[in-house]
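S.K.: A predicted structure for the sequence below; I have some questions about it.
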Amino acid sequence: MLMEKERRLIVEFGRRLVTSGLTSGTGGNLSIYNREEKLMAISPSGIDYFDIEPENVAVLNIEGEIIDGNKKPSSEVELHRIFYERRRDIDAIIHTHTIYATTLACLNWALPPVHYMVALAGKDVRCAPYATFGTKELAENAFEAMKDRKAVLLANHGLLTGGSSLEEAFNITEQIEYCAELYYRTKSIGEPVILSQEEMDLMKEKFKTYGQGK
């Protein structure tokens, strides 16, 4: 099966999004880009994550043409494809409608560095201007707002994260949702203290060597 490993990962992480409380039903979408083959595997449109099988995951070329898969791909193909075309550091994308990040997005607020874990995505997480789902306008807005970042809030819509792998994108999704909840809760009882840009620069450097390495 073409891109079998990537398709199986999309099935696995789609289910993890649900069990981790990061999405529900059919909300959101995931993709992986094979840079050598110039092929993208993306979750199918409108299917419950626990009903998706690897053969349902669509495979497209970088121009967005369907190469393989027995189901229609996500309506957000453009939102994924633009990053694979224009950024070399992103080979996986996760888009979700998480509660707290989406709450900020519906306020059209950015997520400031209320906690050092925001540094996994950058100095902060910007909010991209609203555009209708599935459009090139939304893709362009998201790309611009996510420059020098690995996460972006989509106004009145949700959260988008990217990484070198689906594992990294998933981790960023979890941590940005956690930080969005912290920001929501601290704003509810007072005014949160925001970390300095100098501290966030330091955190970004420290995260480069965090963990066990490869």
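M.R.: Received, thanks.

S.K.: residues making contact with the worst-scoring helix or strand of the chain on mean pLDDT?
M.R.: When each helix and strand of the chain is scored by mean pLDDT, DSSP states H and E, helix 197-207 comes last, with a mean of 93. The list of residues contacting helix 197-207 from outside it, by CB atoms under 8 Å, 6 or more residues apart in numbering, reads Pro113, Tyr116, Val118, Ala119, Leu120, Gly122, Lys123, Asp124, Leu195. (Glycine included, C-beta is placed from N, CA and C.)

S.K.: Those residues into JSON lines, with extra columns for pLDDT and secondary structure?
M.R.: As requested, these are exported to JSON lines (pLDDT from 0 to 100; DSSP: H, G, I helix; E, B strand; the rest coil):
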{"residue": "Pro113", "pLDDT": "98", "secondary structure": "coil"}
{"residue": "Tyr116", "pLDDT": "97", "secondary structure": "helix"}
{"residue": "Val118", "pLDDT": "98", "secondary structure": "helix"}
{"residue": "Ala119", "pLDDT": "97", "secondary structure": "helix"}
{"residue": "Leu120", "pLDDT": "97", "secondary structure": "helix"}
{"residue": "Gly122", "pLDDT": "96", "secondary structure": "coil"}
{"residue": "Lys123", "pLDDT": "95", "secondary structure": "coil"}
{"residue": "Asp124", "pLDDT": "98", "secondary structure": "coil"}
{"residue": "Leu195", "pLDDT": "97", "secondary structure": "coil"}
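
S.K.: out of those, which is most surrounded?
M.R.: Within those, most neighbours by other CB atoms under 10 Å means Val118, with 29 neighbours.

S.K.: For that one, which residues are in contact?
M.R.: Counting by CB under 8 Å, 6+ apart, Val118 touches Leu111, Pro112, Asp124, Val125, Gln175, Ile176, Cys179, Leu195, Met200.

S.K.: and what of Ile42?
M.R.: Per CB under 8 Å, 6+ apart, neighbours of Ile42: Ile10, Asn29, Leu30, Ser31, Val57, Ala58, Leu60, Pro73, Ser74, Val77, His80.
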